[in-house]
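Structural data only, the sequence is not supplied:
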């Protein structure tokens, strides 16, 4: 920007020129007024040019800021899309893991049921063997019968044993 310091020496120069040529004061005032009008027109044109430069610079700054904001928005949108994609992948992985855990839990439950069934069968067998051994023990401990009848009873029990 050009500073308007030049018009003071210009007006002094004009005053000295007029005094040097000893012109009439009316002519001096008319010439000074014309010089001031020319000076004001010149200042107006410089000011308008300055304002145009400033507005062009402001528009450029605004365009740059708008472009930067659009870039930031695009980056934010792509980041949001990336995070949404990650979230969908994590949800899919979580669902797959949940399905796997459900299958494992179902398999474990099936094994538990099988073990319960086997345990119940073994419990029945153990109860049967326990009853069989108890009956053999009662036969052996019976003091009223002789040994041959005890052996006969034990043989009968062994033949009837379904083990």
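Nice, I can see it. Please read these numbers as outputs of a predicted model, since none were measured by experiment.

Taking the centroid of this protein, which residue is nearest it?
Nearest residue to the geometric centre of the chain (Cα atoms, centre = their mean): residue 83, 4.7 Å.

what about the host helix or strand of that one, average pLDDT?
Assigning secondary structure by DSSP states H and E places residue 83 in helix 25-141. Averaging pLDDT along helix 25-141 yields 89.

For it, which helices and strands make contact with it?
When contacts are defined as 3 or more Cβ pairs under 8 Å, 6 or more residues apart in numbering; DSSP states H and E, helix 25-141 packs onto helix 7-21, helix 147-160. Backbone N, C-alpha and C define where each C-beta goes, glycine included.

Point me to the residue sitting farthest from the middle of the protein.
What lies farthest from the middle of the chain is residue 146; by Cα atoms, centre = their mean that is 90.1 Å.

Can you pull the phi/psi pair for it?
Per-residue torsions, residue 146: phi -80, psi 170 (degrees, to the nearest 10).

Next, residue 145: secondary structure please.
Put simply, residue 145 is coil when judged by DSSP: H, G, I helix; E, B strand; the rest coil.

Who are the contact partners of it?
139, 153 (Cβ atoms under 8 Å, 6 or more residues apart in numbering).

Pull up the per-residue confidence for it.
Predicted confidence (pLDDT) for residue 145: 79.

Would you list the phi and psi of it?
Backbone torsions for residue 145, taken as degrees, to the nearest 10, come to phi -100, psi 150.

For residue 60, see how far away it is.
123 Å (Cβ to Cβ, to the nearest Å).

Out of the helices and strands packed on helix 25-141, which gets the lowest mean score?
helix 7-21 has the lowest average pLDDT among the helices and strands packed on helix 25-141, namely a mean of 68.

returning to what we had before: show me what contacts the residue farthest from the centre of the chain?
Residue 146 sits next to no residue when contact means Cβ under 8 Å, 6+ apart.
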